[in-house]
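# A predicted structure for the sequence below; I have some questions about it.
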Amino acid sequence: MKNIKEYNLDELQNELLSMGEKKYRAEQIFKWIYVDKVKEFDEMTNLSIELREKLKQNYTMCNFNILKKQESSDGTKKYLFDVLDGNAIETVLMQYHHGITICVSSQIGCKMGCKFCASTGIKFVRSLSCGEIVEQILAVEQDIGDKISNIVFMGIGEPFDNYDNVMKAIKVINNQKGLNIGARHISISTSGLVPMIYKFADEELQCTLSISLHATNDEKRSKMMPINNRYNIQELMKACKYYIEKTNKRISFEYALAKDNNDNLDDAKELVKLLKGMLCHVNLIPINKIENGEFTKSSNENIIRFRDYLNEKGIVATIRRELGADIDAACGQLRRKNLV
Ligand code: SAH
């Protein structure tokens, strides 16, 4: 059985045509799924009973079950979803004054091995399909009965290691007849898979690209992020410059500050040198310590000094608000949990 949420609207139209049905039925089904957010074919009441039966015989709705839901004192919610094959993933909802943001996972586990991230050290299982990425948004919207305004691909996994499915999911999220969330409200974060940055630039999408930089020289970055041994900072910056030139869009560089590692003024100076003249923004993340992790959070004093130095030198930098730390829902704290 095929998951009906694996199709974008064009593909669903083809599916319906191949079943001998009229094309416009696809639009009706799309609306039931993404606008009315029904969970069963039987709820699609403008379809004939025969068609509903046919759909049930050929497709599933693949609704995720909520295995666990935790709520932080700051309103952040963390969901553990059963992805229906014995695996589970985490998705986080954050409330900001400008709306609700959800942080979606793109893979079950992650291959990148960043030393400071809790998704490291757990087995990589597989990439998520388009339908499974989109279902995280649907399931949260169904649970809260409200609309999500922003999506960040910053949960478990490396979105550019699952490029095609992520791009396809963006199309469904973006479609005005689908979830109708504008590309400007979608951010994708990558640890720096250079060839995919070029590919993404050529898509000319309006999404925000975030780059997990975290260090300003290869020695330091390689110690934090093994991906740097494959694509070093010079290659990464070259790809970033290509992206900016091609799209004329600002890149958001993420920089997680770890005590006595990358948080002193010399690091800030190197960062200014690296980013000078680029259309960018720096998002400083106070690092969240993970179990058995070697990195600990910088002092507030250092974080503020680091930010002020960048701003003084003309690089716009902000400190990311820490949300959901009390329920292990903050940056880098997500893990794949087993069902047992
Ligand atoms: N794989 C992608 C997206 C997932 S992580 C990437 O690497 O960009 C989203 C962000 O959280 C990344 O910038 C990541 O480096 C950061 N992060 C991971 N672990 C963290 C931790 N313990 N503290 C703070 N930020 C962390």
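Alright, I've got the coordinates.

# Domain map for the chain?
Domain assignment of the chain by automatic domain parsing yields the ranges 2-60, 65-327.

# Tell me which residues touch Met167, please.
Going by C-beta atoms under 8 Å, 6 or more residues apart in numbering, Met167 touches Glu203. Glycine gets a C-beta too; all of them are placed from N, C-alpha and C.

# which residues touch whatever residue of the chain ends up closest to the ligand?
Here the chain gets closest to the ligand at one residue, Gly332, 2.0 Å apart by C-beta to the nearest ligand atom. Neighbouring residues of Gly332 by C-beta under 8 Å, 6+ apart: 114, 116-119, 256, 287-288, 290.

# now those as a markdown table including neighbour count?
Putting the contacts of Gly332 into a markdown table (neighbours: other C-beta atoms under 10 Å) gives the following:
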| residue | neighbour count |
| --- | --- |
| Cys114 | 20 |
| Phe116 | 22 |
| Cys117 | 26 |
| Ala118 | 23 |
| Ser119 | 26 |
| Ala256 | 27 |
| Ile287 | 27 |
| Asn288 | 22 |
| Ile290 | 19 |
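
# most packed of the domains of the chain?
Among the domains of the chain, the stretch with the highest mean neighbour count (mean count of other C-beta atoms under 10 Å) is domain 65-327, at a mean of 18.

# Are that one and the ligand in contact anywhere?
Yes: using C-beta under 6 Å from any ligand atom, we find that domain 65-327 touches the ligand at 112, 114, 116-117, 154, 158, 189-191, 212, 254, 256, 285, 287-288, 290.

# can you map out the helices along the protein?
Remark: helices assigned in the chain by DSSP state H are 9-18, 24-34, 49-58, 130-144, 163-174, 194-203, 218-224, 233-247, 265-275, 300-312.

# and the residue nearest to Leu93 when sequence neighbours are not counted, what are its bridge partners?
Distance criterion C-beta to C-beta, 6 or more residues apart in numbering; nearest residue to Leu93, sequence neighbours excluded, is Lys77 at 4.4 Å. For Lys77, the beta-bridge partners under DSSP bridges are Glu71, Leu93.

# thought Lys77 was touching Gln70?
Yes: between Lys77 and Gln70 there is a contact under C-beta atoms under 8 Å: 7.0 Å.
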